[in-house]
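Peer 1: Sequence and computational prediction follow.
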Amino acid sequence: MADGPTQRNDRREQIEDEAAVWFLRLSENPDDPGLNEQIALWRGQSEAHREIWNRTRDAYDVLGKTVPIYETRWAALASVRELRPPKARSSRKLRFFSAAAGAMLAACIALVTLPGLLVRLHADYTTKTAEVRALELEDGSLVHLAPRSAVDVVFDDRERKVHLISGQAFFEVRRDASRPFIVDSDGILTTVLGTKFEVRLETEGVSVAVREGHVRVADMRRNKGGTRDLAAGDMLHLGAAATPTLTATPASDIGDWSEGRLVARHRPVSEIVDRLRSYYGGVILMSDTAFSRLEVSGVYDPKKPIQTLDSLTRLHGATMRQISPWLVLVTPF
């Protein structure tokens, strides 16, 4: 079966990340014959590998020519450090990392801030990177907004409706039998009278999880229809697949971020990194698919994303490099 557009895009992004990692390694050891042989084998895997390698090489060539013009400006902004026991670095290596950090700066800022600016035009309440915000609505219900999240609130005499525009939110709903409380998250309607639950917009789909009480979830996308009732400890994921995925999770873990912690129980590293991204004001890139899929358990501090990520990589044999204040790279070496 041929890959769909999403799988092809994910694969291309992975190849782009791998190309960047190979260039970082090549900058450290440009004359290493073994390394050059590895890169040649990697390039030969497909036409996409060759095309992305050539495009990345051209970009770095241009970058190298640009460094002397802006080096003094970038030096004040980009700290080049590696969260490992320090090793001696050549001046060429430092110039390379400084150049990479400077070139990435504009892209990172745009990637992180522009979507937020657009969201603010349509939202009543928003949060910034690393900000968790508690809101009391006019009916006495509480909404906890996770970082980089946004909601629009519309109450009338018949219903109480909250549109989750981005990110995730944990709700503590005040019971009112005459006005149901509805959360609309990209066409997924979650209806309650009084309960505690979480709704999260993800890259592919929506997840709804219940800490207390009951909710009813209806999928209104593309006229799919159908409803599902959830009780405490239920987590429902509605993605592109026709069949939703229902899993059990400890109720106390639901909305954990609203209490300043991230709890993982046999979850892939990629999921933890995704949750940390909203607490970091830059870009986190992962080049190792095997490490991304590794399942881990633990309680993590989202308020310290860099320290948490560094501890996670050290514990499981990977390496975290903070190229600049806006760019973190996780590699298997």
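Peer 2: Noted; the coordinates are in hand. Remember, it's a predicted structure, so these values are computed and weren't measured experimentally.

Peer 1: So which residue is dead centre in this structure?
Peer 2: The structure's the chain has its C-alpha centroid closest to Asp274; by CA atoms, centre = their mean the separation is 3.1 Å.

Peer 1: Just list the residues touching it, thanks.
Peer 2: Contacts for Asp274 (CB atoms under 8 Å, 6 or more residues apart in numbering) come out as Thr203. In short, each C-beta sits where N, CA and C put it, glycine included.

Peer 1: Tell me the secondary structure of it, please.
Peer 2: What DSSP: H, G, I helix; E, B strand; the rest coil gives for Asp274 is helix.

Peer 1: okay, how far is it across stretch 235-254, tip to tip?
Peer 2: Using CA to CA, to the nearest Å, one end of stretch 235-254 lies 9 Å from the other.

Peer 1: Can you show me the strands along the stretch 151-300 of the chain?
Peer 2: Here the stretch 151-300 of the chain has its strands, by DSSP state E, counting those that start in this stretch, at 160-166, 168-172, 181-185, 188-192, 196-202, 205-212, 214-219, 227-231, 234-238, 245-248, 262-268, 283-286, 295-300.

Peer 1: Beyond the last one, next helix or strand please.
Peer 2: Read in the C-terminal direction, the helix or strand following strand 295-300 is helix 305-315, with elements assigned using DSSP states H and E.

Peer 1: can you pull out the helices in the stretch 51-200 of the chain?
Peer 2: Along the stretch 51-200 of the chain, counting by DSSP state H, counting those that start in this stretch, helices occupy 91-120.

Peer 1: show me where pLDDT drops low in it?
Peer 2: Scanning the stretch 51-200 of the chain for pLDDT under 70 picks out the ranges 56-121.

Peer 1: make it 80
Peer 2: Low-confidence segments of the stretch 51-200 of the chain, defined by pLDDT under 80: 54-122.

Peer 1: what sits against Cys181?
Peer 2: One thing to correct before we go on: residue 181 is Phe, not Cys. Counting by CB under 8 Å, 6+ apart, Phe181 has contacts Ser141, Glu159, Arg160, Lys161, Val162, Phe171, Val173, Thr191, Val192, Leu193, Gly194.

Peer 1: Quick check: the second one touching Ser178?
Peer 2: No - applying CB atoms under 8 Å as the test, Glu159 and Ser178 come out as separate, 9.5 Å apart.
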